[in-house]
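Q: Let me see the structure of the following:
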Amino acid sequence: MADIARTDPCGCGSGQAFEECCISAAERLMSAPRGLQPIPQFPRGFTLDDFTPMTPEDHEFVREFTRQTQRALVGPPDLLKTPFNGGVVRTFGDGFTWRKPTESFHEFCVWALKITFGQEWLDEQFALAEGDRHVVAKWLMDLFRLQTRDTPPDHIPGLTVASQATGSAQELVLLGRDLIYLAQIGKLPDRLVARLRKKSEFQGAWYEIRVASVLIHGGYEIEWIESKSESHCEFTARHRFTQETFAVEVKSRHRPGLLNQAGDREEDPRVLADRNFRAALEKDTRGLPLLVFVDVNMQLSNSLEDAARLWAQYMANFIHPMGLSPSEPAKFAYAVCTNFSYHQYGDAPIQGMPIVYDKFPMFSVRPCKVPELARHAVEEGLKQVGSLPPPTL
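A: Residues are numbered from 1 along each chain as shown. A predicted model of the protein is given here:
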């Protein structure tokens, strides 16, 4: 994914060819160690099976071990960069790019998004009437208007201008960040990018990428399932510590007027995401425990009580009865309901927060062996992925 060929003019502005200028720094960067922290080991020789069933002492051990090893268990892959010739060389996927020293990480995320979608695709979108454009093109136009509005007339080039996050701006940065991290570990297949470009397939691909990013930040290694069958799950996720592997199925509730869906936006939408959850349970898990993520796509909430009233209690009433009896075990091992709805605010400031509801069934056909660690991993991933990253990364 390198955007500079060896014979191209160097991005630092020296006038020399890249191979005669900054390429030495880029090649040093590419040869540096990548990826996650070393995998921690059980300090007293446990295997995953030793935690089934778990005693109170095991519960406390897992909680304490998780606290002690949190920095190694969770967090994104390293993003490598190095100062050189008055700028910064960054890695992106299997390549590298020279960036201006004043560029924030938020700006780099937007650049990575544009590179991923491609200039030809962007030109095609901006040639359309605004109402016919892909939602990503609309987000980019909203960001341009925000930057134009908030940049003072006497602004000095190179100085940072801060703006209050709007729905469109936040979605652009978050999607760009997720693309960067997936590309960094070689988990951004071309077929997934192709789906992002299609209006009809964007919402599904967008949510798959968001969930994959959550799990990567939470200490999981993912593998996309390469199959043409619609009966399989999207990917598998293996926890780097417990080695437990889930089949992961994700569903995002379609709503008129949102995320490229046709129609006018609903004034008082019904939740109805139980339909998505029910469909997820029918997927082929290939013998693995099933981890289900469903995004309800409702308005953001200002409190837990507000979320319960709007959608969380509805989903809890649907999911909770599953797996209450050993004679009728649940088909899923772990269920997570999210509400990543920053996009609903468009060019307006964001109000509210993305509340999450999750559930382990009492009985499952293939239960999670270490629920404490699975929940901790997902919680940590959601904390890091659900909000804007620091602009100084």
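Q: In which helix or strand does the nearest residue in space to residue 286 that is not next to it in sequence reside?
A: Counting by Cβ to Cβ, 6 or more residues apart in numbering, residue 286 lies nearest to residue 247, which is 6.2 Å off, once chain neighbours are set aside. Any C-beta I mention is one placed from the backbone N, CA and C, and that applies to glycine too. When elements are defined using DSSP states H and E, residue 247 is found to belong to strand 245-252.
Q: name the helices or strands packed onto that strand?
A: Under the contact definition 3 or more Cβ pairs under 8 Å, 6 or more residues apart in numbering; DSSP states H and E, strand 245-252 sits against helix 202-217, strand 235-239, helix 274-280, strand 290-295.
Q: Please point out which parts of the host helix or strand of residue 379 sit buried.
A: Using DSSP H and E, residue 379 sits within helix 371-385. Judged by neighbour count using 16 or more other Cβ atoms under 10 Å, the buried positions of helix 371-385 are 371-382, 384-385.
Q: chain center to it: distance?
A: Its chain's C-alpha centre lies 13 Å from the corresponding centre of helix 371-385 when counted by Cα atoms, centre = their mean, to the nearest Å.
Q: Could you name the helices and strands sitting against it?
A: If contacts are counted by 3+ Cβ pairs under 8 Å, 6+ apart, helix 371-385 sits against helix 56-73, helix 202-217, strand 235-239, strand 334-338.
Q: Please save the CA atoms from it in CSV.
A: Listed in CSV are the C-alpha atoms of helix 371-385, where the atom choice follows Å, rounded to 0.1, in the frame of the first residue of the first chain:
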residue,chain,number,x,y,z
PRO,A,371,-16.1,-15.6,30.5
GLU,A,372,-14.2,-13.2,32.7
LEU,A,373,-11.4,-12.8,30.3
ALA,A,374,-13.7,-12.7,27.2
ARG,A,375,-15.8,-10.0,28.8
HIS,A,376,-12.7,-8.1,29.9
ALA,A,377,-11.2,-8.3,26.4
VAL,A,378,-14.4,-7.0,24.7
GLU,A,379,-14.8,-4.2,27.3
GLU,A,380,-11.2,-3.0,26.8
GLY,A,381,-11.6,-3.2,23.0
LEU,A,382,-14.8,-1.2,23.2
LYS,A,383,-13.2,1.4,25.4
GLN,A,384,-10.4,2.0,22.8
VAL,A,385,-12.4,1.7,19.6
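Q: Tell me who's in contact with the residue most central in space within the chain.
A: The structure's the chain has its C-alpha centroid closest to residue 210; by Cα atoms, centre = their mean the separation is 2.6 Å. By Cβ atoms under 8 Å, 6 or more residues apart in numbering, the contact list for residue 210 reads 174, 175, 178, 340, 385.
Q: and if we set it to 10 Å?
A: Residue 210 makes contact with 174, 175, 178, 250, 252, 293, 295, 338, 340, 382, 385, 386 under the criterion Cβ atoms under 10 Å, 6 or more residues apart in numbering.
Q: who are the neighbours in contact with the fourth one?
A: In other words, residue 250. With contacts defined as Cβ under 10 Å, 6+ apart, residue 250 is in contact with 204, 207-212, 214, 233-235, 276, 280, 291-295, 336, 338.
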